Structures are given as C-alpha cells and as structure tokens.
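Novice: Build me a model from this:
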Amino acid sequence: MVDASDLVGYAQIPVAWQLRAVGITHAWTGWVAYTFDTLPHLGRHDGIYYSMGYCGQGVTTAPYFGMRIAQQMRARVIWGVHEGPVIPVLAVTRINGQFFAYLAVNEGKGPVARQKLLKVGDTVGNDFAVLDGLKPGDHVIVSGTDFLQDGVPVAETIQNPAPAAASAKTNTGR
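Specialist: Numbers count the residues shown, from 1 in each chain. Below you'll find the model as predicted:
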C-alpha cells in the first residue's frame, strides 16, 4: 500500500516548495464522484432528474450539465387557485395600460353600453380571469365592441352560459 503522505508531499512541492520540510500527519486520497465508465451520468429515474459522476471535472462541467437537465424538466408551479368569472379576450379593450369591458346597463329607456374598468389576471384559454370589476348579474357585451361608445343604446341577446364557461378555476403564479 502506498503511504498517502508520500503522494501529498510529492504533489505539494511544486505548489508550495516552502512547505517541503513540514511533516504531513493526515492525508486523504480517493475517487470522488467517479463512475465505473469514467463518464458523467445524466438522466431521469422515477421522475427524479440527476446529473452525477463528473470524475473530477465537476467545476467546469456541472454548470453546463445542470443547464441541460433544467432544459429537460417541465414543471408548472401553481401558487394558488382563484375561482371566479372569466371574460373573452376579444370583449376586453385596453386603454393606456388599463383593461375595460362594456356592460349593458338598463337605465330606464332600455339598455345602454357603459364602459367598466376591470382588473384582469392570467389568460385561461381565450378568456381573461377577472379579478375585480364585475359582479354577478352584470351583462357583458362580447361582440360588436369595435365601434361601441359609452352611453350608446344596445340591443341585448341573452345567452345561457355553459356551466364550465360561467366561472373557471384559474391558476395564479407562473
């Protein structure tokens, strides 16, 4: 068996020749993170991604292999669930960075269009999740909004929404 202090002492001389007279009491040698085929192993097993066995080259290769493993992972973190109304994206107008929708409001002589400020969340399919600005019973105008103006009389056609379209669970977060 080779004495570890001989190996360390030999390797130490070119680096710190001033220490050649200092005795070595403890030394460690061995193979760390070496694979039998001396190649790094990257992959996925039972849903767990791994990158290991850099065979002494981890400082230079670990960042690259970590990036490659991260590119293979597909995760979606859901921070919370918000159950609430949705509105079709095409029924929403954006003015100066704020979102608006037209509501059909009955003001005595029949329904008129009124612009309503909305706070919207993420998109759910072709709809915006509405966080604030609509209440149950509001009649949202979803078509013909291109040339619509506030206060213009409108003709209502009431549609019964499908149960899934009336409200949706929307994920908040990315």
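Novice: Doesn't Cys55 lie inside a helix?
Specialist: No - Cys55: not assigned to a helix; according to DSSP: H, G, I helix; E, B strand; the rest coil it is coil.
Novice: how close does it get to Pro40?
Specialist: 7 Å (CB to CB, to the nearest Å). (C-beta placed from N, C-alpha, C; glycine too.)
Novice: and those two? which has more neighbours close in?
Specialist: Neighbour tally, Cys55 and Pro40, criterion other CB atoms under 10 Å: the higher count belongs to Pro40, 18 against 15.
Novice: And the pLDDT for that one?
Specialist: pLDDT recorded at Pro40 is 87.
Novice: what does the one 4 residues further on give?
Specialist: Here, the pLDDT recorded for Arg44 equals 88.
Novice: helices or strands up against the helix or strand containing it?
Specialist: Remark: Arg44 resides in strand 41-45, with elements defined by DSSP states H and E. The contact analysis (3 or more CB pairs under 8 Å, 6 or more residues apart in numbering; DSSP states H and E) places strand 41-45 against strand 48-52, helix 58-72.
Novice: In its sheet, which strands sit next to it, and in what direction?
Specialist: Using DSSP bridges, strand 41-45 pairs in its sheet with strand 48-52 (antiparallel).
Novice: buried residues in the partner strand?
Specialist: Applying a neighbour-count criterion of 16 or more other CB atoms under 10 Å, one finds Ser51 buried in strand 48-52.
Novice: Quick one: mean pLDDT over that strand.
Specialist: Here strand 48-52 scores 88 as its mean pLDDT.
Novice: now it against helix 58-72, angle please.
Specialist: Per axes from the mean of the first three to the mean of the last three CA atoms, to 10 degrees, the angle that strand 48-52 makes with helix 58-72 is 160 degrees.
Novice: Output strand 48-52 as PDB, restricted to C-alpha atoms.
Specialist: Extracted as PDB, the C-alpha positions of strand 48-52 are listed here (Å, rounded to 0.1, in the frame of the first residue of the first chain):
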ATOM      1  CA  ILE A  48     -36.200  12.500 -10.500                       C
ATOM      2  CA  TYR A  49     -33.600  14.200 -12.600                       C
ATOM      3  CA  TYR A  50     -29.900  13.600 -11.900                       C
ATOM      4  CA  SER A  51     -26.500  14.700 -13.000                       C
ATOM      5  CA  MET A  52     -23.600  13.000 -11.300                       C
END
